[in-house]
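> model this:
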Amino acid sequence: MLTYALANGIESVEDLVRLEASYLKPDLGAIARGEGASLGNAPTIPLVFIPTTLSGAEYSKFAGCTNPANHMKVQFTHPGMFAKLVILDPELCRSTPDWVWRSTGVRAIDHCVENICSSRPKPESDEACLEGLGLLTKSLLRHVKEPNDMAARLDGQLGCNKAMTGLAVHVPCGASHGIGHNLGPLGVGHGQTSCILLPSVMKYNASVNSQRQTIIVDKLWSEPEVAQVLNKHGLAQGEVDAGDMLRAIFDELNMPKSLESVGVSRKQWEILARNSLADGFCHANAIPLLHAQQVKDILEMCSDPAAQ
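Here you go, the predicted model:
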């Protein structure tokens with residue numbers, strides 16, 4: 001993102017707004033169709049990315065920031081923003097705070113899950129994301145027990161690579177990404193949005209994509225390390241859904257589970273719902289989100305009644 005900004009003479013966040021890609025006003029769903037053209041200049045030097053989180057940005061040509069005028073997430077893209085080389089070295093991630101590592105790992109899990117459960121899935125994405133889901137969940141659970149396990153960190157990095165396959169082949173994500181994009185401008189960390197939203201979005205969508213969700217359920221139960229954690233949280237195979245299982249895993253990672261836990265109050269729901277409806281991934285959700293009340297229904301599922 002820095003080299004892209006420099007190539008276009010950007011000096012402030014406000015300047016970035018003029019580079020907003022034409023097809024992202026406001027339809028992020030166009031990403032999934034591979035449509036649109038960039039308005040900016042390409043970076044003038046080859047990009048070498050050395051990631052220290054599991055967000056997966058190193059494998060995409062997209063970036064974003066908050067538009068200060070309306071507090072909406074602004075997206076940017078250019079073919080030249082792809083990396084020429086990505087270097088994975090778990091040793092360089094030792095100083096990454098545990099909560100950042102784990103929450104961005106949950107973001108990568110979100111990529112896997114929402115691509116598998118997409119309204120327009122593809123076989124090549126399913127295969128890669130299923131492998132990534134296994135690598136990521138086991139890696140993060142091992143990280144809780146031993147943060148200095150470099151093999152576990154590397155597995156997470158490799159899982160993150162698999163998780164980004166859906167974006168590469170234009171598989172749209174769903175409401176966890178769509179609403180999550182707009183939680184960010186309210187001060188919620190990129191990965192933390194997935195910790196809060198994904199389990200509830202899975203439950204919200206279960207009435208229309210339960211067969212796709214079964215793929216997630218079967219994969220998680222097939223991993224002994226994951227099954228042990230699920231049993232620890234009182235879950236029994238055949239009796240729980242994907243949302244329950246993901247919630248238990250995220251709880252084991254000590255990740256936030258409610259909007260209130262990250263400082264988002266009910267009085268912010270109106271603007272959050274309105275901004276979310278401008279995100280194409282909400283439209284591409286298994287149950288398309290076309291009305292503010294639908295977004296609020298999901299937010300209600302993510303709310304802690306005791307905190308109100």
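
> Now His143: closest residue in space, sequence neighbours ignored.
In this structure, His143 finds its nearest non-sequential neighbour in Ala152, 5.4 Å apart by C-beta to C-beta, 6 or more residues apart in numbering. Backbone N, C-alpha and C define where each C-beta goes, glycine included.

> Unless I misread the structure, that neighbour falls within a strand.
No. Counting by DSSP: H, G, I helix; E, B strand; the rest coil, Ala152 is not found in a strand; it is helix.

> what separates it from Ser303, distance-wise?
Going from Ala152 to Ser303 by C-beta to C-beta, to the nearest Å gives 33 Å.

> do the same with Lys267
12 Å.

> Who has more neighbours out of the two?
Shown here are Lys267 and Ser303; by other C-beta atoms under 10 Å, Ser303 has more neighbours (20 against 7).

> Grab the nearest non-local neighbour of that one.
Nearest to Ser303 is Leu259, by C-beta to C-beta, 6+ apart, at 5.6 Å.

> One more: Ser200?
That would be Met301: by C-beta to C-beta, 6+ apart, it lies 3.8 Å from Ser200.

> again with Thr96
With sequence-adjacent residues excluded and distances taken as C-beta to C-beta, 6+ apart, Thr96 is closest to Thr52, at 4.9 Å.

> how about low-confidence regions in the protein?
Within the chain, the stretches with pLDDT under 70 are 1-41, 308.

> hey, where'd the helices end up in it?
Assigned by DSSP state H, the chain shows helices spanning 2-7, 13-16, 29-33, 98-116, 123-145, 150-163, 165-168, 175-183, 190-222, 224-232, 242-252, 269-276, 280-283, 292-301.

> and Asp89, which of these is closest to it?
Closest of these to Asp89 is helix 150-163, at 8.5 Å (criterion: C-beta to C-beta).

> neighbours around Thr66, how many?
Here the number of neighbours of Thr66 (other C-beta under 10 Å) works out to 17.

> Name all residues that make contact with it.
Contact analysis of Thr66 by C-beta atoms under 8 Å, 6 or more residues apart in numbering lists Val13, Met72, Lys73, Val74, Gly184, Pro185.

> Across the sheet, point out what pairs with it.
Here Thr66 sits in beta bridges with Lys73, as judged by DSSP bridges.

> Would you mind measuring from the residue most central in space within the chain to Pro97?
By C-alpha atoms, centre = their mean, the chain has its centre lying nearest to Arg107, at 3.8 Å. Going from Arg107 to Pro97 by C-beta to C-beta gives 15 Å.

> cool, Ser207 as well?
Taken as C-beta to C-beta, the span from Ser207 to Pro97 is 38 Å.

> repeat for Leu54
On the measure of C-beta to C-beta, Leu54 and Pro97 end up 13 Å apart.

> Neighbour count for these two, which is higher?
Shown here are Leu54 and Pro97; by other C-beta under 10 Å, Leu54 has more neighbours (30 against 9).

> Not counting residues beside it along the chain, what's closest to Gly134?
Using C-beta to C-beta, 6+ apart, the closest residue to Gly134 is Glu223 (5.6 Å).

> Now for that neighbour: which residues touch it?
Glu223 neighbours (C-beta under 8 Å, 6+ apart): Gly134, Thr137, Lys138.

> Could you pull up the contacting residues of the first one?
Each residue near Gly134 by C-beta under 8 Å, 6+ apart is listed here: Gly159, Lys219, Ser222, Glu223.

> Ok, the second one next?
With contacts defined as C-beta under 8 Å, 6+ apart, Thr137 is in contact with Ile109, Leu220, Glu223, Glu225, Val226, Ile249.

> By neighbour count, which of these wins?
Ile109 (29 neighbours).

> so which of the helices of the chain gets nearest Gly80?
Using C-beta to C-beta, the nearest of the helices of the chain to Gly80 is helix 2-7, at 7.5 Å.

> Going by neighbour count, list what's buried in stretch 108-128.
Neighbour-count burial for stretch 108-128, counted by 16 or more other C-beta atoms under 10 Å, picks out 108-119, 121-122, 125-126, 128.

> do the same with stretch 214-228
Quick answer for stretch 214-228 (16+ other C-beta under 10 Å): Ile215, Ile216, Val217, Lys219, Leu220, Trp221, Glu223, Val226.

> Over to stretch 297-308?
Buried residues in stretch 297-308 (16+ other C-beta under 10 Å): Ile298, Leu299, Met301, Cys302, Ser303.

> With stretch 252-260 instead?
So stretch 252-260, judged by 16+ other C-beta under 10 Å, has buried residues Glu252, Leu253, Met255, Pro256, Lys257, Ser258, Leu259, Glu260.

> cool, stretch 73-93 as well?
Buried, per 16+ other C-beta under 10 Å, within stretch 73-93: 73-78, 80-83, 88, 90, 93.
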